[in-house]
Structure formats: structure tokens, C-alpha cells
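Enquirer: Fold the stuff below for me.
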Amino acid sequence: DIIEEACHPEKEAEIAAVVMQPGLAHLCVVTGSLTITKAKIEVTIPKKRTGSTNHQKAIKRFFEAIYRAILQHIDFDKVKCILLASPGYVKDDFYKYAQAESARRDDRPYIENKSKFVLCKASSGHKHALDEVFSDPDIMS
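Expert: Residues are numbered from 1 along each chain as shown. You can find the predicted model right below:
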């Protein structure tokens, strides 16, 4: 039993975190003493240009990759909350996308655990930005 816990520390993780910025996202599970990166998502996003829809298509592709990674790597039964952290409005846009997609696809895990998602601010989409998320007293309570 102890060996099983040592081999699979993510099974006792209570918090999942998605730290993102446009084009980069890290999906992590957080235990008492470890932060384990389950997925790193990188998508090149072109600049906004008039008359071109490439930017919107790339953002949609990026959000789709995050959406699939959350479904694949997060056990909604064991995780108490899922932090969505980013600078600016990326987290808000993704949250809206996830709500719309889960309703359209009828993804039960998302719909049933909608209340577990917590939006918070981070300075970047890199893994080290989790330190500042956890240093925020509002998040820790």
C-alpha cells in the first residue's frame, strides 16, 4: 500500500491547477508536498490581423487542447477544486469556452463539477506562477 502511494502520488492530490497564457498552458496536480505536471500544452497563436480568422482558430484549438487534457488527466471524484490561473482574461475566456463545450458535448464530468472551478490571477502561464497563486490568501481559504 505504501509502495503504491509512492509510485502514484497524484492519486492523493486534492487540487488541480491549470496555469495558462495565450499559447502556453501547464496542467498540474498538487499534493501536500509535490506539484506534478500532467500536461504541457503549447500552441502557436498568430497576431490579430484584419480580415484573418487565424487568430480565433488558433485560440479555439488551444482551448480545445486544454479541455481534452483536463478530461484525460483530472479525476474529478478525488480533486476538491480546479484552479484556472492566468494573466488577463485568458482564464475567463477558457472558462466560458469550457462551459459552452461541456453543454454542447454533454460531458458529464464538466457539468457535474462546474462548482469546483476557481478562477484566479497569475503573472504568466509557466509552472512557477503557481507559487504566487498559492501565496494569495483568498485562494488559500
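Enquirer: In this protein, where is pLDDT below threshold?
Expert: 1, 5-6, 9-10, 140-141 (pLDDT under 70).
Enquirer: which residues touch the longest helix anywhere in it?
Expert: Secondary structure of the chain per DSSP state H: the longest helix is helix 54-73. With contacts defined as Cβ atoms under 8 Å, 6 or more residues apart in numbering, helix 54-73 is touched by 16, 18, 20, 22-23, 25, 27, 29, 38-39, 41, 43-49, 82, 93-94, 97-98, 101, 107, 109-110. Heads up, the C-betas are built off the backbone N, CA and C, glycines and all.
Enquirer: Now, of these, which are buried?
Expert: 16, 18, 20, 22-23, 25, 27, 29, 38-39, 41, 43, 45, 82, 94, 97-98, 101, 110 (16 or more other Cβ atoms under 10 Å).
Enquirer: Show only the entries of these found in strands.
Expert: 16, 18, 20, 25, 27, 29, 38-39, 41, 82 (DSSP state E).
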